[in-house]
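In: Requesting a structural model of the entry that follows:
(one chain, ligands or ions: 2)
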Amino acid sequence: MTEKDEQSLVLIKPDGLKKSLTGNILTRLSETKLDIVAAKIVRVSRELAEKHYCHMKEKPFYEELIKYIMGEYHKRKVMAMVYCGPGAIAKVRGICGATNPEEADPVSIRGAYGRITTKGVYENAIHTSVSAEEAEREIKLWFEPEEIILDIYPTKEAKLQSLKKRVWA
Ligand code: UDP
Ligand code: MG
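Out: Ligands and ions are numbered 1, 2, ... in the order given. Modelled structure (predicted):
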């Protein structure tokens, strides 16, 4: 059976950027032979953080998690990417390692670079999608269609009347 083309949202979280791990993480991910089809640096708003982690709302560490992804403890930025190719979700998660950096394989990204804070948050350097459904939800949250070089999900044309947008002066 040939593996299906999939997409995965990958975020290098603020701790990963603060620790200058971007190069190391991208090198590790290149082992997957997947394609990067979108990439950007994002300043994460509270709204984006809350939407991204909507499934964590009831967790005792939720507020800390929101602050973490917004960069309050490191740098106020995240690197967001879309990886695409056969079995992308499992391949990326494999190299990424378990959520808890203490339980993650020491050779995985989270095992090598993650830590647990004294407040109990897993600072695990990277986010990757867990399923095709979650990947679609997350990619549509973080990226506009024209920021992705492939047409991975259906789009439609919309006329936006009173759109206010920052342009070069
Ligand atoms: N997290 C945490 N403590 C936990 C579980 C999760 O600090 O007990 C944080 C961690 O940064 C994790 C994020 O919340 O990456 C999202 O949790 P999820 O269960 O979705 O894990 P992931 O999909 O990131 O492996
Ligand atoms: Mg998750």
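In: near ligand 1, which residues of this protein?
Out: Residues of the chain lying close to ligand 1 (Cβ under 6 Å from any ligand atom) are 56, 61, 65, 99, 121, 122, 124, 127, 130. Glycine gets a C-beta too; all of them are placed from N, C-alpha and C.
In: filter those residues to the buried ones?
Out: Neighbour counting over the residues of the chain next to ligand 1 (16 or more other Cβ atoms under 10 Å) leaves 65, 121, 122, 124, 127 as the buried ones.
In: For the third one, name its beta-bridge partners.
Out: With DSSP bridges applied, residue 122 shows beta-bridge pairing to residue 116.
In: what's the pLDDT at it?
Out: Per-residue confidence at residue 122 stands at 98 (pLDDT).
In: Pick out whichever of the residues of the chain next to ligand 1 sits closest to residue 39.
Out: Nearest to residue 39 among those is residue 127, at 14.2 Å by Cβ to Cβ.
In: didn't the closest one look like it was pressed against residue 9?
Out: Yes: using Cβ atoms under 8 Å, residue 127 makes contact with residue 9 at a distance of 7.2 Å.
In: By residue count, tell me the biggest helix in this structure.
Out: Across the chain, the longest stretch assigned as helix under DSSP state H is helix 132-142.
In: Can you tell me what sits against it?
Out: 6-9, 11, 38, 42, 48, 51-52, 80, 82, 89, 129, 148, 152-153 (Cβ atoms under 8 Å, 6 or more residues apart in numbering).
In: can you do 7 Å?
Out: Under the contact criterion Cβ atoms under 7 Å, 6 or more residues apart in numbering, helix 132-142 has outside partners 6, 7, 8, 9, 51, 52, 80, 82, 89, 129, 153.
In: buried ones in it?
Out: Residues of helix 132-142 classed as buried by neighbour count (16+ other Cβ under 10 Å): 135, 136, 137, 138, 139, 142.
In: thinking again about what came up before, would you point out the most distant pair within the contacts of helix 132-142?
Out: Most distant of those, by Cβ to Cβ, are 6 and 51, 21.7 Å apart.
In: So for the two, which residue has more residues nearby?
Out: Between residue 6 and residue 51, counted using other Cβ atoms under 10 Å, the more crowded position is residue 6 (22 against 13).
In: Would you check how far apart the closest residue to the more buried one other than its chain neighbours and residue 19 are?
Out: Leaving aside its chain neighbours, residue 6 sits nearest to residue 88 (4.1 Å; criterion: Cβ to Cβ, 6 or more residues apart in numbering). To residue 19, residue 88 is 25 Å away according to Cβ to Cβ, to the nearest Å.
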